[in-house]
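Asks: Kindly generate the corresponding structure for this input.
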Amino acid sequence: MTAHWTSLAPSAPAQLGESPFWHPQEQRLYWVDIAGRGLLRAALDGGAPERWAMPSEPGCIAPARRAGQPAGLVVALRDRICHAPEWGGSLTELARLPIDPATQRANDGKCDALGRLWVGTIHEPASGPRQPVSALYCIDLRAGAAPRRIWGGVTTCNGLAWSPDGRMLYFADTPTHAVRAWDCDARHEPVGASRLLHQFAPRQEGEPYGGRPDGACVDAEGAYWCALYEGGRLLRLSPQGRVLTELPLPAQYPTMPCLGGQDGRTLFATTAQASDRGPLAGQVLHTRVDVPGLPVAWCELA
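Replies: Residues are numbered from 1 along each chain as shown. I've put the predicted structure just below:
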């Protein structure tokens, strides 16, 4: 498969683009710039993107809904979950992650089909090596309960996605170079132990490096699209972990794919600048694919 990548918002490169989602009512793509402390949104019409400065690093965002009606955004900032009723307006804290913000922050996150927000964290100390002390949390903002720890012993929580029926949860701890799958019950709760879905080759001196698993999404056929950070490519994996498609990108550090557009067949990929000095580093890239994505899951508010 040959991909023809185009930049969505060439005037707004991100330091660390992440967490893209397609808003079906607004027909716009939303994403974050973690290191640049900003939220961004843009349409597919080529217009200039909008940027909204945040008080700390936004790890992920999701569209919010209350009583069936759109209600702005939910934003996971460094150590707290906030509600933004309208673009550019006020932020209201709804929950606080049980982490030390001096060494950890919110990272990858999405909502499940039941309207709960799932947020993973990353260990990011000012000095010294990263350690597996982070975790994945589930937060039901209708219940007012504290974030519930689902999975621990993580260094960099990434790759969060669900199968179309919600009976499989996918995730990755990026430094392990592994994507794992977890069976879920009817309430989308993980049960039993996770299993290895796909193991990527770690960096080897003198050998080409294919990258490590970062953000992900699932399409309507249940295939898992995964960004290979530093590998300059996206992979489409079967539910059994077999590589179905490999799409090279004109940027070295893809961070997360998502599917959207009017027919759901536009594949977007956020990227990071890092050490990439190419013209498309930090851009949101998009191309067309054959299989559509799933509608974005909303975060339900009380």
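
Asks: Could you give the number of residues near residue 2?
Replies: The local packing of residue 2 (other CB atoms under 10 Å) involves 6 other residues. Quick note: C-beta positions are derived from backbone N, CA and C, even for glycine.

Asks: Check which helix or strand it maps to.
Replies: Residue 2 belongs to no helix or strand when elements are defined using DSSP states H and E.

Asks: Identify the residues contacting it.
Replies: For residue 2, no contacting residues are found, by CB atoms under 8 Å, 6 or more residues apart in numbering.

Asks: Give me the distance between it and residue 48.
Replies: 29 Å (CB to CB, to the nearest Å).

Asks: Also residue 228?
Replies: 30 Å.

Asks: higher neighbour count, the two?
Replies: residue 228 (23 against 11).

Asks: Surely the more buried one and residue 209 touch.
Replies: No: under the criterion of CB atoms under 8 Å, residue 228 makes no contact with residue 209, lying 9.5 Å away.

Asks: So which residues of the stretch 151-300 of the chain form strands?
Replies: Assigned by DSSP state E, counting those that start in this stretch, the stretch 151-300 of the chain shows strands spanning 157-162, 168-173, 178-183, 195-199, 212-218, 224-229, 233-237, 243-248, 254-260, 266-271, 285-288, 299-300.

Asks: elements contacting the first one?
Replies: Using 3 or more CB pairs under 8 Å, 6 or more residues apart in numbering; DSSP states H and E as the contact test, the elements touching strand 157-162 are strand 104-111, strand 117-123, strand 134-139, strand 168-173, strand 212-218.

Asks: 7 Å instead?
Replies: Helices and strands touching strand 157-162, by 3 or more CB pairs under 7 Å, 6 or more residues apart in numbering; DSSP states H and E, are strand 104-111, strand 117-123, strand 168-173, strand 212-218.

Asks: Could you check how far the second one is from the centre of its chain?
Replies: In terms of CA atoms, centre = their mean, to the nearest Å, the centre of strand 117-123 is found 10 Å from the chain centre.

Asks: got the angle between that strand and strand 134-139?
Replies: Angle, strand 117-123 to strand 134-139, by axes from the mean of the first three to the mean of the last three CA atoms, to 10 degrees: 160 degrees.

Asks: go on, the longest one?
Replies: With the same axes, to 10 degrees defining the directions, strand 104-111 sits at 50 degrees from strand 134-139.

Asks: Residue numbering should commence at 492 henceforth.
Replies: OK, 492 is where the count begins now, so the last one is strand 595-602.

Asks: In its sheet, which strands sit next to strand 595-602, and in what direction?
Replies: Strands adjacent to strand 595-602 in the sheet, as given by DSSP bridges, are strand 608-614 (antiparallel).

Asks: again, but for the third one
Replies: Paired with strand 659-664 in the same sheet, following DSSP bridges, are strand 648-653 (antiparallel), strand 669-674 (antiparallel).

Asks: and the angle from it to strand 686-690?
Replies: Using the same axes, to 10 degrees: strand 659-664 against strand 686-690 is 60 degrees.

Asks: Equivalent analysis for the longest one, please.
Replies: Interaxial angle of strand 595-602 relative to strand 686-690 (the same axes, to 10 degrees): 100 degrees.

Asks: Tell me the buried residues in stretch 731-751?
Replies: Of all the residues in stretch 731-751, those buried under the rule 16 or more other CB atoms under 10 Å are 738, 740-751.

Asks: Off-centre distance for stretch 648-655?
Replies: Here the centre of stretch 648-655 is set off from its chain's centre by 8 Å, with CA atoms, centre = their mean.
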